[in-house]
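# Give me a 3D structure for the following:
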Amino acid sequence: DSEAKIRSSSIRALDATTSDEFWFTTSSYTQPTTLYMGNADLVAKEGEAMDTSFPPTSEMLPEPYVTKKVKSLPPQYDSDSVTVVQKTATSKDGTQIPYF
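Numbers count the residues shown, from 1 in each chain. Coordinates of the predicted model:
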C-alpha cells in the first residue's frame, strides 16, 4: 500500500546506548492509540529495499520495522466502514483550507 496514512506517530528509544529497539506509538482518526515495539535494524536505508520477511507473524503490523504490538486503547466505535477523506474549502480570498 503506497498511499500515505493520515495518523499521528511518535518514536522513543528503548535504550539508545545498548539497543536498536524503540517504542512506536501511533493513532489515527479511526484507530485508537497503539504502542508497538520496533527495531531500527529493520528500517531500510535510502536506496535499499526494506526487509519484509521479519517478523514471521500472522498479526497485522503497521510497518515492516515493527516487531510486535504491545498494547492498545480499546476502540470507542466500529471503524470498519469509516473512511477518512481530506477535502478543501475555499475562503473568500481564494485560500484553500484543508479539512477532514
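
# Tell me which helix or strand in the protein has the weakest average pLDDT.
Every helix and strand of the chain was ranked by mean pLDDT, DSSP states H and E. The lowest is strand 7-13, at a mean of 87.

# strands paired with that one, and their directions?
Taking DSSP bridges as the criterion, strand 7-13 sits next to strand 21-28 (antiparallel) in its sheet.

# Could you give me the buried positions within the partner strand?
Along strand 21-28, the positions that meet the burial threshold by neighbour count (16 or more other Cβ atoms under 10 Å) are F22, F24, T26, S28. Where C-beta positions appear, they are placed from N, C-alpha and C, glycine not excepted.

# will you turn the residues you listed into CSV that also has distance to D41?
Below are the buried residues of strand 21-28 laid out as CSV (distance: Cβ to Cβ, whole Å):
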residue, distance to D41
F22, 11
F24, 14
T26, 20
S28, 26
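
# Show me where this protein has its strands.
Counting by DSSP state E, the chain has these strands, from start to end: 7-13, 21-28, 34-39, 66-72, 87-90, 96-99.

# Show me what the third one is packed against.
Read it as strand 34-39. When contacts are defined as 3 or more Cβ pairs under 8 Å, 6 or more residues apart in numbering; DSSP states H and E, strand 34-39 sits against strand 21-28, strand 66-72.

# Please report how far P74 lies from T34.
Using Cβ to Cβ, to the nearest Å, P74 is found at 11 Å from T34.

# if you count what's nearby, which of these two comes out ahead?
T34 (17 against 5; other Cβ atoms under 10 Å).

# do you know how far the more buried one is from V43?
According to Cβ to Cβ, T34 and V43 sit 19 Å apart.

# Same check on A89?
Going from A89 to V43 by Cβ to Cβ gives 37 Å.

# higher neighbour count, those two?
Under the neighbour definition other Cβ under 10 Å, A89 and V43 were set side by side, and V43 has more, 15 against 9.

# Having no further points to raise, I will conclude here.
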